[in-house]
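Trainee: Model the following, please.
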Amino acid sequence: MPRGWLEAGFLEKHAWFATTEGTPRGGIISPALANWALDGRQRLLADHFARTPRQQRMNKVHLVRYADDFLITGTSEELLGDRVRPLVADFLKDRGLELSHEKTRIAHVEEGFDLLGQNVRRYRNGEVLTKPSSQSVKTSLSKIRETIDNSGSLTAGGLIRRLDQQIQGRTMDHRYAASQRTFAYVDHRIFRMVWRWCRRRHPRKGRRWIRTTYFPPDGHRHWVFTGTLRDHKGRGWPIQLMAAAGVKIIRYVKLRSDVNPYDPEWELYLEARLGWQLAQTLAGRRRIEYLWKEQGGRCAVRGQPLRIAEEDCQIHHRIWRSRGGPDTTDNLELLHANCHRQIHVRERPTEPAASREGRS
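Mentor: Numbering: from 1, shown residues only. Here you go, the predicted structure:
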């Protein structure tokens, strides 16, 4: 079926065009196509290694996947090498694919392994940690070094703006892992790079002048790489290099596998998850603060004061999402946790939201 869909062509302005090329690797549709084509491995493994509860406890074969990357766990190297790997190889062969010998390996969890830019390993104290992989860190630092080396005539402000984009992109990818020490190491390496850049830019200046000009202190932070950005009118403002170690580490909460957004039974769970997601970003926190101000700092049901800094404050959809309600601000309100539960227990949605323009 995926092959037929890919070769079906497409319509544009009522004209049919044939499909002459496949989708590019890394394209926006690639993960969906990979999941579509490779779906069925979980059922295959369960049929062979988890038919009964006893067999499941003995083998402990589980699948973790993202697009065409996947991880399979098992109780022994023999089980994975002699039984699981041939089974998966046959599964892929039926679909015209094969395992990559360079990327496929069997490793003990205490040795650790890399998956999707992360390293997963169980340490001597029994704790399993996910950290940025060495290869991922090395690649990130190489790209940052390339940016600095190719900066040309960029000012310090222009260089900082480019570096901030790269640092932010990489740290956002790894902020759900145990990355604090890795981020501190990355900051140290970047400092060494920009210090050499300053020395090359001003070979006749001394260390003290470079430190005073480019690395002024900022509160409790010292040696902060600082520059100036200017607009088209020549007005300038300072800009500082982002500190990777300043990114807050967040413990990601996995989405339950049986969640259905169209089932009212999951409405309360999804709203609690939405509130958690909004609280992780500056834009989301501003949205919550806006709702709090619009309601005068009070619960929309009982009218009692709300404290948005506490877990007692939750987001509620006036028109439930399972009934077609959107995530727009006009359809959201803040409630006490108890009020929120009562609404969903009674299955009594509140009245549709009035427009913000109509509120005083």
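Trainee: Which of the helices and strands in this protein ranks last by mean pLDDT?
Mentor: Across the helices and strands of the chain, mean pLDDT, DSSP states H and E gives its lowest value to helix 2-6, namely a mean of 70.
Trainee: Contacts made by the very next helix or strand once past that one with the rest, please.
Mentor: Next in sequence after helix 2-6, counting helices and strands by DSSP states H and E, comes strand 10-12. The contact list for strand 10-12, computed with CB atoms under 8 Å, 6 or more residues apart in numbering, reads 16-17, 19. (Each C-beta comes from the backbone N, C-alpha and C, glycine too.)
Trainee: so after strand 10-12, what's the next helix or strand?
Mentor: Heading C-terminal from strand 10-12, the first helix or strand you meet, by DSSP H and E, is strand 15-17.
Trainee: picking up where we left off before, just among the contacts of strand 10-12, which is most surrounded?
Mentor: When neighbours are taken as other CB atoms under 10 Å, the top entry among the contacts of strand 10-12 is residue 19 (12 neighbours).
Trainee: For that residue, list the residues it contacts.
Mentor: 6-10.
Trainee: Next one: it from residue 151, what distance?
Mentor: In this view, residue 19 and residue 151 are 42 Å apart by CB to CB, to the nearest Å.
Trainee: that older thread, adding distance to residue 78 and neighbour count, write the contacts of residue 19 out as TSV.
Mentor: Converted to TSV, the contacts of residue 19 look like this (distance: CB to CB, whole Å; neighbours: other CB atoms under 10 Å):
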residue	distance to residue 78	neighbour count
6	39	15
7	42	11
8	45	11
9	48	10
10	49	9
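Trainee: Specify which member of those residues is nearest to residue 141.
Mentor: Closest approach between these and residue 141, by CB to CB: residue 6, at 38.0 Å.
Trainee: Check the contact between that closest one and residue 27; I expect there is one.
Mentor: No: applying CB atoms under 8 Å, one finds residue 6 not in contact with residue 27, separated by 12.0 Å.
Trainee: Residue 56 touches residue 45, doesn't it?
Mentor: No: the criterion here is CB under 8 Å, and residue 56 misses it with residue 45 at 10.5 Å.
Trainee: More neighbours: which of these two?
Mentor: Set side by side, residue 56 and residue 45 show more neighbours around residue 45, with 20 against 14, by other CB under 10 Å.
Trainee: got a list of what the more buried one touches?
Mentor: Listed by CB under 8 Å, 6+ apart, the contact set of residue 45 reads 61-63, 72, 84, 87.
Trainee: what about stretch 49-66, how long is it end to end?
Mentor: Stretch 49-66 stretches 22 Å from its first residue to its last (CA to CA, to the nearest Å).
Trainee: got the buried residues for that stretch?
Mentor: Of all the residues in stretch 49-66, those buried under the rule 16 or more other CB atoms under 10 Å are 49-50, 59, 61, 63.
Trainee: Tell me where the stretch 101-250 of the chain has helices.
Mentor: Taking DSSP state H, counting those that start in this stretch as the criterion, the stretch 101-250 of the chain carries its helices at 134-149, 156-174, 180-201, 207-214.
Trainee: any idea of the mean pLDDT for the longest one?
Mentor: It stands for helix 180-201. Per-residue pLDDT over helix 180-201 has a mean of 95.
Trainee: Now do that helix: which elements does it pack against?
Mentor: helix 134-149, helix 156-174, helix 207-214 (3 or more CB pairs under 8 Å, 6 or more residues apart in numbering; DSSP states H and E).
Trainee: before we move on, back to that, export the helices of the stretch 101-250 of the chain to JSON lines and tack on mean neighbour count and distance to residue 338?
Mentor: Below are the helices of the stretch 101-250 of the chain laid out as JSON lines (neighbours: other CB atoms under 10 Å; distance: least, CB to CB, whole Å):
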{"stretch": "helix 134-149", "mean neighbour count": "15", "distance to residue 338": "44"}
{"stretch": "helix 156-174", "mean neighbour count": "18", "distance to residue 338": "35"}
{"stretch": "helix 180-201", "mean neighbour count": "16", "distance to residue 338": "36"}
{"stretch": "helix 207-214", "mean neighbour count": "13", "distance to residue 338": "54"}
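Trainee: Looking at these, which is nearest to residue 126?
Mentor: When those are ranked by proximity to residue 126, the top entry is helix 180-201, at 19.4 Å, counting by CB to CB.
Trainee: what sits up against that closest one?
Mentor: 131-132, 137, 140-141, 144-145, 148, 151, 156, 159, 163, 167, 170-171, 174, 210, 214, 223, 225, 241, 243-245, 247, 249.
Trainee: Alpha carbons only: can I get that helix in CSV?
Mentor: C-alpha atoms of helix 180-201 as CSV (Å, rounded to 0.1, in the frame of the first residue of the first chain):
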residue,chain,number,x,y,z
GLN,A,180,24.0,19.5,32.8
ARG,A,181,27.7,18.4,32.8
THR,A,182,27.7,18.1,29.0
PHE,A,183,26.4,21.7,28.7
ALA,A,184,29.1,23.0,31.0
TYR,A,185,31.7,21.2,28.9
VAL,A,186,30.2,22.7,25.7
ASP,A,187,30.4,26.2,27.3
HIS,A,188,34.1,25.7,28.2
ARG,A,189,34.9,24.6,24.6
ILE,A,190,33.0,27.5,23.1
PHE,A,191,34.7,30.0,25.4
ARG,A,192,38.1,28.7,24.2
MET,A,193,37.0,29.1,20.5
VAL,A,194,35.7,32.7,20.9
TRP,A,195,38.8,33.7,22.9
ARG,A,196,41.0,32.6,20.1
TRP,A,197,38.7,34.5,17.7
CYS,A,198,39.2,37.6,19.7
ARG,A,199,43.0,37.1,19.8
ARG,A,200,43.1,36.7,16.0
ARG,A,201,40.9,39.8,15.5
